[in-house]
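> below are the sequence and a predicted model for it; my questions follow.
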Amino acid sequence: MHTASRTTTMAGRRPTPRPIAPEISQPAELHTRHRVRFAGRRLAAAVEPAAGEAGHGDRVARLAEQVAVRLGYRFPSLAFEAGLLHDIGKAALPFDPTVLPRPLTTEERRIVEMHPELGAVVVADAGYPDEVVEGVLLHHERIDGSGYPFGLSGARVPLLAQVVAAVDVYDALATARCYKDPWCRSTILRLGHEQRNRWFLPRVWDALVGATA
């Protein structure tokens with residue numbers, strides 16, 4: 001996978017990780033769709049209570065699957081898994097960025113932007129399909145090349161990653177955080193309409209709008 005070598009090179013400059021729950025370091029064998037979902041929920045539960053974003057992963061998972069269905073994605077359940085686990089890398093950060101009631105410093109932002117790669121390592125080690133690993137790794141990429149961690153653009157950003165990205169933006173804006181009040185749906189949709197073709201394909205955002213109607 002194109003991103004694998006880059007993910008590996010991150011090991012030398014990762015921040016000292018917080019302890020991660022035992023089920024992350026020694027995942028069970030994943031044999032069925034239901035068992036995979038159960039394992040995914042355990043992985044996600046390991047990060048969310050500490051991240052100040054309770055329920056975020058579950059909401060992103062459910063909406064991402066609905067968007068994938070609307071797009072005719074062949075395996076919508078992969079969107080569910082990628083959405084559920086997209087922020088799992090935050091468990092390995094040395095601090096919790098979501099409870100800071102102020103903007104991040106430049107150094108803090110550099111560290112936070114490592115979370116997709118850290119999460120992709122966890123998800124890959126747990127035996128998830130490549131599409132899920134890519135969804136976790138690339139959910140902060142934008143098709144205009146303005147995202148991270150690699151600055152990919154256009155078709156180099158997989159559709160599944162765009163789905164998770166769009167839903168992540170929607171849910172982050174729609175819910176209250178320690179540093180902001182929730183946005184109303186009309187304001188979110190206006191922003192998304194303005195940014196489609198920059199952040200993700202118009203059809204991805206249109207499918208999200210339909211799924212949240």
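Cool, the structure landed.
> pick out the residue nearest the middle of the protein.
By CA atoms, centre = their mean, the chain has its centre lying nearest to residue 86, at 2.8 Å.
> residue contacts, that one?
57, 60, 116, 119, 135, 136, 139, 164, 168 (CB atoms under 8 Å, 6 or more residues apart in numbering). (C-beta placed from N, C-alpha, C; glycine too.)
> in CSV, list these along with pLDDT and secondary structure.
Below are the contacts of residue 86 laid out as CSV (pLDDT from 0 to 100; DSSP: H, G, I helix; E, B strand; the rest coil):
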residue, pLDDT, secondary structure
57, 90, helix
60, 96, helix
116, 97, helix
119, 94, helix
135, 98, helix
136, 97, helix
139, 98, coil
164, 98, helix
168, 96, helix
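> gap between residue 166 and residue 203?
Residue 166 is 10 Å from residue 203, where distance means CB to CB, to the nearest Å.
> so these two - more neighbours on which side?
Using other CB atoms under 10 Å, the more surrounded residue of residue 166 and residue 203 is residue 166, with 27 against 13.
> right, and the more buried one touches residue 66 too?
No. With contact defined as CB atoms under 8 Å, residue 166 does not reach residue 66; the gap is 11.8 Å.
> in stretch 75-82, what counts as buried?
76, 77, 78, 79, 80, 81, 82 (16 or more other CB atoms under 10 Å).
> now the first one: closest residue in space, sequence neighbours ignored.
The shortest distance from residue 76 to any non-neighbouring residue, by CB to CB, 6 or more residues apart in numbering, is to residue 68 (4.0 Å).
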